[in-house]
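Enquirer: coords please:
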Amino acid sequence: MRYTPLSRTSIVIPALALSAACAANKDSARSDTATAITPTTLGADSIAHAPAMSGVQNDARGGMGDMSAMPTTTGNADHDFLRMMTDHHKGMVTMAHGAKERQGSSIREIATRLDTEQDKELDQMTTMLERDFKDPYAPKVTPDNQKMIDALKTKTGAEFDRTFLENTIIHHQEAIKMVDGYLPKSANAKLKTMAAKMKADQAREIVEFKQRLAKING
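Expert: Below is the predicted model of the structure:
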């Protein structure tokens, strides 16, 4: 059989095709890898050092109710508790102050008591913030507490009283959770005693308000 040498063109073309195929495979692999890397596949350290999320993820982060409105933390448990609890008290005082002015309401006495007691505690906590932490913090009504306050504006009679009591019970339950989370971290004996008293007082009031609520509901 006569041997016919391969032309240079016949060698180069298959080689180019093979090179192109390899490049395509590399690009495909690179694309697949990029698609697979998502926040859920990153390790804890990678997430901690990842750039800030944007778009839909930022929207999701912002839709967290009161958490998005919480005061900036300082890393000091006593300082942070005072900030959070003063905001919480501010919401209760604002709601109670409006309720005690409501004519014909059967819970005006309760609202007046809450307004007086929590306003006193609010003053004590803001004083501690200034004296102990040099923090002239201005308590604010959080969005969730404002919703409770706004919900009462359209209520009258027994419906107003019922809604106020229901809101106050929920508000007190939230405060107790805050105290429970704080107490194991407390370093300030005076504040720890105050927080424990808040928990006891509000736990007792929850029982009282549930009983009053049962009477209204008949």
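
Enquirer: show me where pLDDT drops low in the protein?
Expert: 1-70 (pLDDT under 70).

Enquirer: residue boundaries of the helices in it?
Expert: 8-36, 44-48, 56-62, 77-100, 108-133, 143-152, 157-182, 189-217 (DSSP state H).

Enquirer: distance of residue 165 from residue 138?
Expert: 29 Å (C-beta to C-beta, to the nearest Å). For glycine as for every other residue, the C-beta is placed from the backbone atoms N, C-alpha and C.

Enquirer: those two: which has the busier surroundings?
Expert: residue 165 (24 against 9; other C-beta atoms under 10 Å).

Enquirer: run a quick neighbour tally on residue 204.
Expert: Residues near residue 204, counting by other C-beta under 10 Å: 11.

Enquirer: adjust the sequence numbering to begin at 28 for everything that follows.
Expert: Renumbered: residue one is now 28, and that last one reads residue 231.

Enquirer: just to revisit the earlier point, could you dump the helices of the chain to JSON lines with distance to residue 98?
Expert: Formatted as JSON lines, the helices of the chain follow (distance: least, C-beta to C-beta, whole Å):
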{"stretch": "helix 35-63", "distance to residue 98": "39"}
{"stretch": "helix 71-75", "distance to residue 98": "23"}
{"stretch": "helix 83-89", "distance to residue 98": "17"}
{"stretch": "helix 104-127", "distance to residue 98": "4"}
{"stretch": "helix 135-160", "distance to residue 98": "11"}
{"stretch": "helix 170-179", "distance to residue 98": "13"}
{"stretch": "helix 184-209", "distance to residue 98": "12"}
{"stretch": "helix 216-244", "distance to residue 98": "16"}
